[in-house]
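Asker: Dropping the sequence and predicted coords here.
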Protein chains: 2
Amino acid sequence: LLTKPPSGTRDFLPEDVRRREHVVSAVRTVYERYGFEPLETPAFENIETLLGKYGDEGNKLIFKILRRGEHEASGEADLALRYDLTVPLARVVAEHRNQLPRFFKRYQIQPVWRADRPARGRFREFYQCDIDSIGSRSPVVEAEQLSAVGEVLTTLGFEDFIVHVNHRQLLAGLLDAAGIASGQQASVLVALDKLDKVGPDGVLHELIARGVADENARRLLDAVIVRNHGDGAGWLTMQASRLGDEGRRGAENLIELLELAAGTDVGTRLRLDPSLARGLSYYTGAIMEIRTPDSPGSIAAGGRYDTLIGSFIGQDLPACGFSLGLERILVVMTERGLFPSRVSRGAADALVTLWSDDTRAEALRLATELRAADVRSDVYPEPDKLGKQFKYASARGVPFVVVVGEDERRGGMVSIKDMRSGEQTTVPRGEAPTHIRARIPGSHPRSHP
Amino acid sequence: LLTKPPSGTRDFLPEDVRRREHVVSAVRTVYERYGFEPLETPAFENIETLLGKYGDEGNKLIFKILRRGEHEASGEADLALRYDLTVPLARVVAEHRNQLPRFFKRYQIQPVWRADRPARGRFREFYQCDIDSIGSRSPVVEAEQLSAVGEVLTTLGFEDFIVHVNHRQLLAGLLDAAGIASGQQASVLVALDKLDKVGPDGVLHELIARGVADENARRLLDAVIVRNHGDGAGWLTMQASRLGDEGRRGAENLIELLELAAGTDVGTRLRLDPSLARGLSYYTGAIMEIRTPDSPGSIAAGGRYDTLIGSFIGQDLPACGFSLGLERILVVMTERGLFPSRVSRGAADALVTLWSDDTRAEALRLATELRAADVRSDVYPEPDKLGKQFKYASARGVPFVVVVGEDERRGGMVSIKDMRSGEQTTVPRGEAPTHIRARIPGSHPRSHP
């Protein structure tokens, strides 16, 4: 009997769901505070909507759904599982244009599916967590997104992240100035994107292997690996005066953006990084990546893509987006112990024990009273030895066990055992709810940390 | 260009997501209060896990996923989309038995997919919202579930629902007593399940069409359509003495269950309904259905199924579950206007206007201060006519617009326009956050109603 979940997918048991929910709830709260609105799209799209949008590699990784009924035998697919949140967003914007505001800011937190070979930390079903702002070319958009993502991370307990910022137009200008032909630039960006992994020598070799002249490759590396550019503005002003039109526009846009972002909470974490390339081909302006010292790669990344949505829907529509690496964030938070204890607060706050079938109704009534006082309560469903019921509570992390024995019942009392201290107290039955409520560890949980 | 979502699926725009989230959040809060724990399973399962579990009709409605890579051309499927939440639960229980408590109470709120012909109110992607209690035969389980589901509905604002309760063993006894052969009983239950739709005469015709003798059919209808059975206990006691072993056990179990549930908040809404049949074949004990006067069919339903999970995993494991009709609940709540106004609270609480490129940094700083005071704030991203910015705020349901003009800036003041009253106030800039915070409609939202 096959009981494992399919390859590359996971069952989320209660403790897992609570951790994920803790992060998602913090993300939602912060994004709502920035005026982003929630959007959800179906798990599958018509297959034509997805095919051809993610390159040849992507096409192969799309999960395709077989046609149904009489068409099933054809072996053809007419639907495909959501592969990212950007293409569905473009479709929604095209379909619901009239109902959406001129500047549409949405967040979307949903799973996507990719038939990648499963590996440590790489899944076939995983959550994406995106914000996108549609409709404006203003650098206010980038500054606001950086601030929002930064606030999510700070809220979750991250304290040491760095926000790397660069610009595709500036990069194009630097590549031009280094003598790299425009036909070669996309390939060069892919090589440059590996700087973190393989170092400058590695990138140099790869550039030469990709047909870049040795001298040009060295010139490029010198230009992008800037050791000391102060707050970046001086270096960028210098580049703006040195580079051609495109590079100048990029440098100027980046100066504005950094100035604006400097006034937000994320200001002290900004780092101009002219070597930042980002893999995706569709970026047209600012590109951004957030890294922590102990995690390889980024935990959040984004950029401006002013032509992608327009090309899907056939009208000009600038856009900028940021994606949080939810799965990676969960790994880092687990490693660092960043989950507050109330996330592991156990199945219930109190267990009401059961002596005999005659006391069942009484136990249910007591549980009802506890729940009315917002004490999460469970009833042991069957008469059983008290020792077993205590063990059961302990194994499930339930901090209080309530016992109504014969003596207690006659006297209108209940006994409450604190499972952490082992202490047992007898209180009038009517006081049990407030007694326990006041002693719940990590009490009064709020909807965000 | 195809921009509609696939047939039978929906895009959820911000207002839709907020309504759904309101309901889901209330459901979660109540179920947690009853000691149910969250579980989530992958969107797809290995195809063998699902095939054969839902009957021939069900098999045809399963969305199947094409094998990938070199196997794609075979036209074969190896995965299938989740069709309900019960089979995945059985798989999880089998796989993670050691990590789960002896009595496992879980809730699960996730979409399922069925290739039904789309119709009004019938979708191919819809959410199921289930609780199940695994591991005990005690009627405490049924009583607790009824109480929990009732509390969800009360919390959401439902006030007029009725809880219909019956028992499969009692029904079997009544069918026996009416002279209906055991081989015919499953078919008779399907006919009886239509009583609400087609009335007693309709059921009578259908029973006869299914081969039940006219006399037996009339006897059955007389037995199950009980006009006056008081609180049910008397009638059930009478049946217990009259029926064979199985019917007696059913009647006795139902007496216990009704007694226990009578002590919970749902007590006054209970109605013994011997004609309640429920369609699903796997129920073995109590069956339950919650109805409202203005909604056809039920808004929640459940029952005991003591053999289903055991048959999947090859060991004896009793279970009882309840499913909320989330999509139907949303429809009824919309029709009755049961959503509190804060659910439609608009994209943000405040919009910070923009005069010129020079004031962008200032606007972002002001927004940062507002957000720090938990005022959900948006910045108009581009310099624009003030009138257009006011219109934009109004269209998005934003109640406050903040203006920092030249005069205000010099005097360290900001102007705040209340979009509902049209009133404009000028306050010192530092007081703007608390000024707005105190005036947000439906302020201090809690995580549950």
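Answerer: Arrived safely.
Asker: contacts, neighbours, all on C-alpha from now
Answerer: Noted.
Asker: where along the stretch 101-250 of chain A do the helices fall?
Answerer: In chain order, the stretch 101-250 of chain A shows helices spanning A:139-156, A:168-177, A:185-192, A:195-209, A:214-224, A:233-242, A:245-262, with DSSP state H, counting those that start in this stretch as the criterion.
Asker: ok, which residues in the stretch 101-250 of chain A are in contact with chain B?
Answerer: When proximity is defined as C-alpha under 8 Å from any C-alpha of the partner chain, the stretch 101-250 of chain A approaches chain B at A:101, A:115, A:125, A:136, A:138, A:139, A:140, A:141, A:144.
Asker: Let me know the pLDDT of the fourth one.
Answerer: As predicted, residue A:136 sits at a pLDDT of 97.
Asker: Neighbour-wise, give me the winner out of the residues of the stretch 101-250 of chain A next to chain B.
Answerer: Neighbour counts for those, by other C-alpha atoms under 10 Å in any protein chain shown, peak at residue A:141, which reaches 27 neighbours.
Asker: possible to save the residues of the stretch 101-250 of chain A next to chain B as JSON lines with distance to residue A:252?
Answerer: JSON lines is the format used below for those (distance: C-alpha to C-alpha, whole Å):
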{"residue": "A:101", "distance to residue A:252": "29"}
{"residue": "A:115", "distance to residue A:252": "41"}
{"residue": "A:125", "distance to residue A:252": "40"}
{"residue": "A:136", "distance to residue A:252": "17"}
{"residue": "A:138", "distance to residue A:252": "13"}
{"residue": "A:139", "distance to residue A:252": "11"}
{"residue": "A:140", "distance to residue A:252": "14"}
{"residue": "A:141", "distance to residue A:252": "16"}
{"residue": "A:144", "distance to residue A:252": "18"}
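Asker: Excluding chain neighbours, give the residue nearest to residue A:109 in space.
Answerer: Ranked by C-alpha to C-alpha, 6 or more residues apart in numbering or on different chains and with sequence neighbours excluded, the top spatial neighbour of residue A:109 is residue A:129, at 4.4 Å.
Asker: Likewise for residue A:31?
Answerer: The shortest distance from residue A:31 to any residue that is not its chain neighbour, by C-alpha to C-alpha, 6+ apart, is 6.5 Å, and that residue is residue A:148.
Asker: How about stretch A:168-183, which residues are buried there?
Answerer: Of the residues in stretch A:168-183, those buried under the neighbour-count criterion (16 or more other C-alpha atoms under 10 Å in any protein chain shown) are A:168-180.
Asker: can you pull the contacts of the residue of the stretch 51-200 of chain A at minimum distance from chain B?
Answerer: Distances from the stretch 51-200 of chain A to chain B, computed as C-alpha to the nearest C-alpha, single out residue A:75 as the nearest residue at 3.8 Å. By C-alpha atoms under 8 Å, 6 or more residues apart in numbering or on different chains, the contact set of residue A:75 is A:66, A:67, B:66, B:73, B:74, B:75, B:76.
Asker: what residues are up against the second one?
Answerer: By C-alpha under 8 Å, 6+ apart, the residues touching residue A:67 are A:74, A:75, A:76, A:77, A:78, A:79.
Asker: Counting neighbours, what do you get for the residue of the stretch 151-300 of chain A found nearest chain B?
Answerer: In the stretch 151-300 of chain A, the residue that lies nearest chain B is residue A:260 (5.1 Å; C-alpha to the nearest C-alpha). Other residues within reach of residue A:260 by the criterion other C-alpha under 10 Å amount to 23.
Asker: before we move on, what about residue A:422?
Answerer: Burial of residue A:422, expressed as a neighbour count using other C-alpha under 10 Å, amounts to 11.
Asker: do the same with residue A:442
Answerer: Using other C-alpha under 10 Å, residue A:442 has 11 neighbouring residues.
Asker: remind me which residues of the stretch 201-350 of chain A are low pLDDT?
Answerer: A:227-231 (pLDDT under 70).
Asker: what does the stretch 251-400 of chain A put close to chain B?
Answerer: Of all the residues in the stretch 251-400 of chain A, those in contact range of chain B (C-alpha under 8 Å from any C-alpha) are A:259-260, A:263-265, A:313, A:347-348, A:360-361, A:364-365, A:368, A:371, A:374-378, A:381-382, A:392, A:395-396.
Asker: returning to that earlier point: so which of the helices of the stretch 101-250 of chain A gets nearest residue B:403?
Answerer: Between residue B:403 and those, the shortest separation by C-alpha to C-alpha is 16.7 Å, and it involves helix A:139-156.
Asker: Go through the contacts of residue A:67 and flag which are in strands.
Answerer: When strands are assigned by DSSP state E, the members of the contacts of residue A:67 inside them are A:77, A:78, A:79.
Asker: Tell me the spacing between the second one and residue A:64.
Answerer: According to C-alpha to C-alpha, to the nearest Å, residue A:78 stands 8 Å off from residue A:64.
Asker: What strand or helix carries residue A:27?
Answerer: Here residue A:27 is covered by helix A:14-33, with elements defined by DSSP states H and E.
Asker: Taking their axis directions, that helix and helix A:139-156 sit at what angle?
Answerer: For helix A:14-33 and helix A:139-156, the angle between their directions (axes from the mean of the first three to the mean of the last three C-alpha atoms, to 10 degrees) works out to 150 degrees.
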